[in-house]
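Participant: Structure, please.
(one chain, ligands or ions: 1)
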Amino acid sequence: MTSIFWAPMALVGGIDHENVSIEASDGKITSVSSGVPVPPGAVAFEGAMVPGLVNAHSHVFHRALRGRATPAGGDFWSWRAGMYELVDHLDPELLEELATATYAEMLAAGITQVGEFHYVHRGPGGVPYTDRNEMAMAIVRAAAATGIRLCLLDTCYLMADVDGTPLQGPQLRFGDGDVDGWSERHGRLADELAGTEVVVGSAIHSVRGVPADAFAQIVEASGPTHVHASEQAAENRACVDRHGVTPIGLLARHGGLRPGSTVVHAIHVTSGDLEATAGSGASVCVCPTTELDLGDGTADVAAFAAAGIDVSLGSDSHAVVDLLVEARMVEWNDRARYGRRGVHASAALWDMATSAGARSLGCERWGLEVGAPADFAVLDTRRPATAGIDRSDMLLSAATAGDVMATVVGGEIVCEAGEHHTLGSVSSRLASAIGRSIT
Ligand SMILES: [Zn+2]
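Facilitator: Okay, the predicted model is just below:
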């Protein structure tokens with residue numbers, strides 16, 4: 001099936017183009033033409049077409065915690081305690097309902113691909129489900145129901161702290177016994193999803209969650225590998241006390257980084273960490289709104305860019321689901337850090353919000369170009385926040401997820417004005433799922 005779309009503005013190759021027509025066939029872009037009138041039969045948007053936004057780091061069920069768990073004096077660790085309470089009564093049905101609603105929210109925000117860092121594998125008390133991948137398959141069904149592209153980062157999480165303390169309480173649901181147990185379950189998941197649209201990758205939860213001698217085995221699994229590192233200063237101190245080296249240093253020393261690896265957060269890093277990351281060919285994913293929401297700190301993205309490290313973006317805990325805001329926060333955090341404007345070029349920020357995320361999730365072709373998936377978001381330029389902006393590249397300085405008027409995945413419109421084409425009102429879905437999650 002062939003579809004044609006047209007808009008007065010479009011972001012092509014990181015640059016604004018006028019009067020752009022995009023033709024899609026069998027889910028891929030087959031032609032991109034600039035300076036053309038509306039073709040016969042085209043869907044014409046009064047807005048700007050930009051590549052599908054890519055959310056490289058998600059824990060989908062955390063969405064239920066938005067607007068909650070913020071006691072006075074709280075921090076990352078008290079937030080985590082609230083998250084563990086939620087984990088306690090998560091079951092496959094509730095996870096599927098929450099994930100369906102949250103992926104629909106992402107699509108409404110122009111996000112067409114997500115990296116799901118999935119770590120709740122077992123039932124309450126650490127009892128495995130009969131199908132050991134029942135929770136993972138709940139996420140797969142949710143993604144399929146919404147149409148979002150899914151990279152499932154199947155996470156290994158074996159211990160409670162860097163000193164080898166065993167998992168306890170709600171954490172028992174994250175475990176696989178040992179790394180061979182993870183490999184066995186992971187292999188079954190990869191087999192089950194072979195030949196589907198889902199990309200299966202792996203994840204090392206963190207240097208707190210996985211012993212160093214297991215890193216290489218996880219990284220050697222097929223697909224991309226993600227790892228949380230250096231989100232919290234306390235995590236760095238504990239790692240240095242135990243191993244005499246930073247978390248990224250420990251990952252590098254034990255084969256935990258390679259091309260195709262992504263280090264998530266990388267806030268409290270040393271010059272040696274930067275060198276180790278760049279030297280390994282790994283990339284970095286930052287999640288500015290979550291990192292600010294939790295009081296983690298801010299990553300020095302300019303330093304990564306200067307070291308030649310690819311940077312992608314994630315909404316992590318979903319305090320905010322808005323990749324345009326995440327990209328803007330990268331620039332604003334670095335403006336505050338360096339005391340000047342324009343630290344990152346517009347094209348570089350758009351790359352972080354789109355193609356770099358796709359690369360981090362194992363997808364090399366992305367953007368409004370022939371051969372790439374026909375995924376894009378349309379930003380409304382008639383809204384209060386965007387009125388008067390006449391270049392698609394400049395929309396990153398003002399637009400938010402609320403300005404996304406349509407989202408196209410594989411050449412089909414899946415969301416328009418907050419309504420999912422098959423699921424209906426995204427906000428109703430979220431309210432219902434979150435209402436069931438919080439008791
Ligand atoms: Zn995370």
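Participant: what residues are up against E369?
Facilitator: V12, G13, I29, V32 (CB atoms under 8 Å, 6 or more residues apart in numbering). Where you see a C-beta, it was placed from the backbone N, CA and C, and this is true even at glycine.
Participant: my bad, should have said G260
Facilitator: By CB under 8 Å, 6+ apart, the neighbours of G260 are G223, P224, T225, G281, A282, G362.
Participant: so which of these is the most crowded?
Facilitator: Among the contacts of G260, A282 has the most neighbours (other CB atoms under 10 Å), with 27 neighbours.
Participant: contacting residues for it?
Facilitator: L257, R258, P259, G260, S261, T262, V263, I309.
Participant: so the third one touches G281, yeah?
Facilitator: By that I understand P259. Yes - applying CB atoms under 8 Å, one finds P259 in contact with G281, separated by 3.5 Å.
Participant: So what touches the helix or strand bottoming out on mean pLDDT in the chain?
Facilitator: Sorted by mean pLDDT, DSSP states H and E, the helices and strands of the chain end with helix 76-88, the least confident at a mean of 83. Contact with helix 76-88 is made by 61-62, 64-65, 68-71, 120, 124, 169-171, 173, 231-232, 234, 294-296, 317, 437-438, as judged by CB under 8 Å, 6+ apart.
Participant: change it to 7 Å
Facilitator: 61-62, 64-65, 68-69, 71, 120, 124, 169-170, 173, 232, 294-296, 437 (CB atoms under 7 Å, 6 or more residues apart in numbering).
Participant: same check, this time on stretch 50-59
Facilitator: Identification of contacts with stretch 50-59 by CB under 7 Å, 6+ apart yields 11, 106, 110-117, 262, 264, 285, 287, 312-317, 323, 353-354, 357-358, 360-361, 366-368, 375-377, 379, 392.
Participant: Filter those down to the ones in strands?
Facilitator: Judged by DSSP state E, those include 11, 111-117, 262, 264, 285, 312-313, 376-377, 379 as members of strands.
Participant: out of those, who's nearest A42?
Facilitator: F376 (13.9 Å; CB to CB).
Participant: Distance check, the closest one against G175.
Facilitator: 40 Å (CB to CB, to the nearest Å).
Participant: Compare those two and say which is more crowded by neighbours.
Facilitator: F376 (31 against 22).
Participant: re the thing from before, relative to S183, which of the contacts of E369 is nearest.
Facilitator: Nearest member of the contacts of E369 to S183, counting by CB to CB, is I29, at 37.4 Å.
Participant: which ones are touching the closest residue in space to the closest one that isn't next to it in sequence?
Facilitator: Spatial nearest neighbour of I29, chain neighbours left out: A374 (4.9 Å); criterion: CB to CB, 6 or more residues apart in numbering. Neighbour list for A374: A24, G27, K28, I29, V408, G410, G411 [criterion: CB under 7 Å, 6+ apart].
Participant: Likewise for I389?
Facilitator: T381, L395, A398.
Participant: Any chance of those residues in TSV with pLDDT as columns?
Facilitator: Below are the contacts of I389 laid out as TSV (pLDDT from 0 to 100):
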residue	pLDDT
T381	96
L395	97
A398	95
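Participant: Please list only the buried members of those.
Facilitator: T381, L395, A398 (16 or more other CB atoms under 10 Å).
Participant: Where strands are concerned, which of those count?
Facilitator: Per DSSP E, the buried ones among the contacts of I389 never map to strands.
Participant: Next step: the contacts of helix 76-88 restricted to helices.
Facilitator: S437 (DSSP state H).
Participant: and the contacts of helix 76-88, which are buried?
Facilitator: Counted by 16+ other CB under 10 Å, the contacts of helix 76-88 give F61, H62, A64, L65, A69, V120, P170, R173, Q232, L294, D296, S437 as buried.
Participant: So the first one sits against L98, correct?
Facilitator: Yes - the pair F61 and L98 qualifies as a contact (CB atoms under 7 Å) at a distance of 5.2 Å.
Participant: Compute the distance between the closest residue to A319 other than its chain neighbours and A234, please.
Facilitator: Closest residue in space to A319, ignoring its immediate chain neighbours: D293 at 3.9 Å, by CB to CB, 6+ apart. For D293, the distance to A234 equals 17 Å [CB to CB].
Participant: higher neighbour count, the two?
Facilitator: Using other CB under 10 Å, the more surrounded residue of D293 and A234 is D293, with 18 against 13.
Participant: Spatially, and excluding backbone neighbours, which residue is closest to A214.
Facilitator: Nearest non-adjacent residue to A214 (CB to CB, 6+ apart): V179, at 3.9 Å.
Participant: measure the one you found to P247 for me?
Facilitator: Taken as CB to CB, the span from V179 to P247 is 18 Å.
Participant: who's more crowded, these two?
Facilitator: Remark: of V179 and P247, P247 carries more neighbours, 30 against 20, as counted by other CB under 10 Å.
Participant: Would you confirm that that one contacts A234?
Facilitator: No - the criterion here is CB under 7 Å, and P247 misses it with A234 at 11.4 Å.
Participant: Nothing else from me, thank you.
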